[in-house]
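Colleague: Starting from these lines, generate the structure:
(one chain, ligands or ions: 1)
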Amino acid sequence: MRSNCRGNVLAERDGRKIIKCQECGFSHVYPMFDEEELEKFYENVYAESTPSYLWFEKVQNIRKWKKPGSILDIGCWEGKQLEYFIQDGWQCEGTELNKKAAAVAMSRGVEVYQISIREFFNRYNYKTWDVINAAYILEHIPDPLQFLVSIKNNLGEDGILIVEVPNEFSPFQLAYIKETLIEPYWIALPDHLNYFDREGLETLLSRAGFKIIHGEASFPMEMFLLMGDNYLADRVIGKKDFAKVVEMERVLRNHDPGLVSQLYTALYQCSVGRSIVLYAKPVKH
Ligand SMILES: [Zn+2]
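Modeller: Down below sits the predicted model:
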């Protein structure tokens, strides 16, 4: 991959560094892991999905620009996001390496390719979709720039790419570790290779030749830490806090279907939020 990576060391873990890379424009592990080693890790070990709870908002936002067409969800896990698109009349396909998750997605009516992302694009590089969703993918792959550049070929006329990544080294996280003097707790090797904040993700998309058309950030879970709920020490607290957010969003949507999206657009503008969701189109030449 990239050979000139260098930058300030943000953290060290297991003999590797997390650097704020001047060359790439975002933070990542250094040295990088081997790609085949990583694929083995996902096929066998990785069993938890990062919960995304903006499934409804993603359909709603896409409908501002597009009628129902075809969508590919890269790393679709159990097909929950695509289920929302199926209900809206979309033709849904997904890739998922994890066998168990792929089986659940298929039972929901999703056409699933149970192969690695790399293999999928080698095999189907000629195919195009109206929308491609890549949620919680970019932080896992060794070369996200190359991935985004090549995916432009898989977007149809006026195609839209949705990316979602955890928002790391975010202002709330940094405030919390400064206060508690703990190490950056969000570093997770070998599954998270890249660590994006708003600036890093925007830089990456722009270098890959995309124009950002909309941005949102999901609820800043770190607020619970800042208010004294130490979910890092107790997973039960974390689950309860997460359930509170899900319930709050349900009540807000019930009152006004656009309210959650409005709120989270404002959070994105402040660079806070647990994850960042960007909607982008390839720049035309
Ligand atoms: Zn780099």
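Colleague: Which residues of this protein lie near the ion?
Modeller: Residues of the chain that fall close to the ion, judged by C-beta under 5 Å from the ion: Arg2, Cys5, Cys21, Glu23, Cys24. Placement of C-beta: from N, CA and C, glycine included.
Colleague: try it again with 6 Å
Modeller: Residues of the chain found near the ion (C-beta under 6 Å from the ion) are Arg2, Cys5, Cys21, Glu23, Cys24, His28.
Colleague: Mind giving me the ChimeraX select for the residues you listed, buried ones only?
Modeller: Per 16 or more other C-beta atoms under 10 Å, the buried members of the residues of the chain next to the ion correspond to this ChimeraX selection:
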select :5,21,24,28
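Colleague: Just the ones of the residues of the chain next to the ion in strands?
Modeller: Cys21, His28 (DSSP state E).
Colleague: Where does confidence bottom out across the residues of the chain next to the ion?
Modeller: Across the residues of the chain next to the ion, the smallest pLDDT goes to Arg2, namely 66.
Colleague: circling back: can you name the two of the residues of the chain next to the ion that sit furthest apart?
Modeller: Using C-beta to C-beta, the two most remote members of the residues of the chain next to the ion are Glu23 and His28, lying 9.9 Å apart.
Colleague: intersection of neighbour lists for the two?
Modeller: Cys5 (C-beta atoms under 8 Å, 6 or more residues apart in numbering).
Colleague: Outside of the top helix by length along the chain itself, list whatever touches it.
Modeller: Scanning the chain for the helix with the most residues, using DSSP state H, yields helix 235-255. Helix 235-255 is contacted from outside by 51, 53, 56, 219, 221, 224, 229-232, 259-260, 263, using C-beta under 8 Å, 6+ apart.
Colleague: Show me which positions of it end up buried.
Modeller: Gly238, Asp241, Phe242, Val245, Glu249, Leu252, Arg253.
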